[in-house]
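S.K.: here's my sequence, what's the structure:
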Amino acid sequence: MRYDPPFHKTNGLVPAVAAVAVLAAFPLVVEAAYLRHIMVLALVFAVVAASWDLSLGFGGLLNFAHIALFAVGIYTYAILAKTLGLNPWLAVLAAGPVAMIIAVMIALPVLRLDGVYVILVTLAFSQLVYQIIISQADITGGTSGMVTLPVLSVGGYRFIKDGKIGYYYTALLLLVLACAFLYGVLRSRWGRAIIALRDNKYAAIARGVPEARTRALALAASALFTGLAGGFYASYVRVASPDILGLGTLTLILSILLVGGTATIWGPVAGAFLIVLLSEAVADYGAWRDILIAGLIIAVMIFYPGGLWGLIQEMRELAANTISATRATLHRRKGKAAREALLGTSEKMVQTRHGVVAVADTGGSCPAILMIHGNSACKEAFTHQFTTFSPDHRLIAFDLPGHGVSDNADPEKSYNVSAYADVAEDVLKACGVERPYVLGWSLGGYVALELTARDPGAFRGLAITGTSPLNIVPDDFARGYDASSHLVLAGKQYFTKSEERAYAGAATAPFSDESAFLHRNIGRTDGRTRYYMITKLGVVDWPRQMRMLRDGTIPFAILNGADDPFLDHVYIAGLPYGRIWSGKPHDIANGLHAPFFNKSREFNDAFAGFLTWSRPE
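M.R.: Below you'll find the predicted structure:
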């Protein structure tokens, strides 16, 4: 399932509103006409670069005729507003559709081409537009261009007055509308098709994506606001010149796109302000100006291929990681007594191959049970099991790296099922435990499967809850789970507050005084654990785990909630199990994704039955 919330429910809303507010306040604070002029240029070029990103970045079309579409918008305005005397506002609005028509004409010869051939054809088309402009001097002004173009005005107020503040706010509105349009296109079925053709052309075609139509739509959509920006630009500078088709403009817009970051929408917007302001700052350096800009592009491509937007995302990740790590450190000290009260035992820190983790261990010589929690949860989720089973068993639970009060870890190395199984081995070794039972919940269920599959004889038994065994990933992952937006959130790095509440309610337990600590713990979790865990599912030896279950080499139980919103119970029941308690998966009546928490008595009765059944005669 594709989880795609509306923009106002994403983490981008606040930064976007803040950026627009700052830009809106700029001319009220800065009255210098020249600085306003630079900002207007940056806003216009941001529209052009972001629109180009739709076809080049998201579509993978090496379309180098985009500047020609900008020129088409300029000359459309010039001819309609000056030569034909059309209202300037109507001329600006007409520039967009005209550019779209030209974009479709560009699309026709490149529909079946790829790579360098698209570049050659689109460059040739740009030259064709240039030749038409200079050859039709009676209409376009030829090499001299068209000057003193009409300006925009509203009710007699000409936008060139008051430091061109009218043009500034119109340019800002144009950028906001362009970004909203591009965002809407990418969220649509067309947008998904555009990206699918870029990522895997033949797979997309095999699934019914029409290549020719999709490419034409991508070029047409990228041309709409490019043409509008061209018409607006012409009214602002009051000149239409063939020089706009020169290498300088192409280099400038391409620099904005590459430095800002392709396939982002927002990267080219940020890049526009950086490049335009930087370009003006080094304007006095003459030829060195282009050399400096070219050097910046090369440096970005080498050190930050994701562009400025990639750097911003790295800074965001660093900030989020620092906040989550700080929370873990503070909670480790502040809430220790409360955590120990929940589990009825002391908490200690244990060094593992993947960092320091928090461990709760009741101790003693009774048979041990290792409990492994799920995604974005913590060891205290098993509070009801510690209360019930501690008299007759030694209970051990730990916070996975990046969870609870354990340390954050290296995401590439440590945030995956195999690494979590390493941590479980280290915890058992540190506690001096041999042949324990293992209970794994959700993500912890996969960790438990991986742990026991390494050496089934080293464990008394295995129980999983909120987990679907898998044969092959990702194929069986889609079969083992009912798709829902909450399930997709399991792999999302950053949560909004509404997503955090929704995921906590579905994946842990509905909010109550008793479950509040589980909801709070999601905010502490290092979001990279979710993202990396999902992306690295394919590196686990899933067939080995299923062979263990099929061959019955370990006593095994499946204790799922009957009302688990994620699991496909029919798929789970249809898998072969060689030695499963009760002869089949056992569903807890009215149990949710964490039945051991929301239906603890019924779960504990079932788990106790498994423990009794799995004991040797």
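
S.K.: where exactly do the strands run in the stretch 1-150 of the chain?
M.R.: Secondary structure of the stretch 1-150 of the chain, counting by DSSP state E, counting those that start in this stretch: strands at 146-147.

S.K.: also the chain?
M.R.: 146-147, 153-154, 157-158, 239-240, 347-352, 355-361, 368-372, 394-398, 437-441, 461-465, 556-561, 586-588 (DSSP state E).

S.K.: for the ones you listed, please prepare JSON lines with the additional fields mean neighbour count and distance to Pro305.
M.R.: C-betas here are computed from N, CA, C, even on glycine. Output for the strands of the chain, formatted as JSON lines (neighbours: other CB atoms under 10 Å; distance: least, CB to CB, whole Å):
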{"stretch": "strand 146-147", "mean neighbour count": "18", "distance to Pro305": "40"}
{"stretch": "strand 153-154", "mean neighbour count": "13", "distance to Pro305": "44"}
{"stretch": "strand 157-158", "mean neighbour count": "12", "distance to Pro305": "45"}
{"stretch": "strand 239-240", "mean neighbour count": "22", "distance to Pro305": "36"}
{"stretch": "strand 347-352", "mean neighbour count": "17", "distance to Pro305": "34"}
{"stretch": "strand 355-361", "mean neighbour count": "23", "distance to Pro305": "29"}
{"stretch": "strand 368-372", "mean neighbour count": "26", "distance to Pro305": "37"}
{"stretch": "strand 394-398", "mean neighbour count": "27", "distance to Pro305": "38"}
{"stretch": "strand 437-441", "mean neighbour count": "27", "distance to Pro305": "39"}
{"stretch": "strand 461-465", "mean neighbour count": "27", "distance to Pro305": "41"}
{"stretch": "strand 556-561", "mean neighbour count": "26", "distance to Pro305": "44"}
{"stretch": "strand 586-588", "mean neighbour count": "21", "distance to Pro305": "49"}
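
S.K.: against Leu54, how distant is the closest residue to Ala448 other than its chain neighbours?
M.R.: Nearest residue to Ala448, sequence neighbours excluded (CB to CB, 6 or more residues apart in numbering): Gly440, at 2.9 Å. In this view, Gly440 and Leu54 are 44 Å apart by CB to CB, to the nearest Å.

S.K.: just Ile101 next, same as before
M.R.: Ile101 sits 17 Å away from Leu54, going by CB to CB.

S.K.: more crowded one of those two?
M.R.: Leu54 (30 against 12; other CB atoms under 10 Å).

S.K.: returning to what we had before: residues contacting the residue nearest to Ala448?
M.R.: For Gly440, the contact set (CB atoms under 8 Å, 6 or more residues apart in numbering) comprises 371-372, 446-449, 462-465, 467.

S.K.: okay, and the beta partners of it?
M.R.: Ile372, Ile464 (DSSP bridges).

S.K.: state the distance from it to Ile293.
M.R.: Distance from Gly440 to Ile293, counting by CB to CB: 55 Å.

S.K.: how far does stretch 82-89 stretch from one end to the other?
M.R.: Separation of the first and last residues of stretch 82-89 by CA to CA, to the nearest Å is 12 Å.

S.K.: which residues touch that stretch?
M.R.: For stretch 82-89, contacts defined as CB under 8 Å, 6+ apart pick out 77, 80-81, 94, 139, 146, 148-153, 235.

S.K.: could you dump these into a markdown table and include pLDDT and distance to Ala419?
M.R.: Converted to a markdown table, the contacts of stretch 82-89 look like this (pLDDT from 0 to 100; distance: CB to CB, whole Å):
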| residue | pLDDT | distance to Ala419 |
| --- | --- | --- |
| Tyr77 | 98 | 59 |
| Leu80 | 98 | 63 |
| Ala81 | 97 | 64 |
| Ala94 | 98 | 59 |
| Ile139 | 95 | 68 |
| Met146 | 96 | 65 |
| Thr148 | 95 | 68 |
| Leu149 | 97 | 63 |
| Pro150 | 96 | 66 |
| Val151 | 96 | 63 |
| Leu152 | 96 | 60 |
| Ser153 | 95 | 65 |
| Ser235 | 97 | 59 |
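
S.K.: out of those residues, which is nearest to Leu224?
M.R.: Closest approach between the contacts of stretch 82-89 and Leu224, by CB to CB: Ala94, at 11.8 Å.

S.K.: show me the contacts for the closest one.
M.R.: Listed by CB under 8 Å, 6+ apart, the contact set of Ala94 reads 76-77, 80, 86, 231.

S.K.: in helices, which of these appear?
M.R.: 76-77, 231 (DSSP state H).

S.K.: next one: phi and psi at the closest residue to Gly307 other than its chain neighbours?
M.R.: Using CB to CB, 6+ apart and skipping the chain neighbours, the partner closest in space to Gly307 is Gly261 (2.8 Å). Main-chain torsions, Gly261, degrees, to the nearest 10: phi 120, psi 120.
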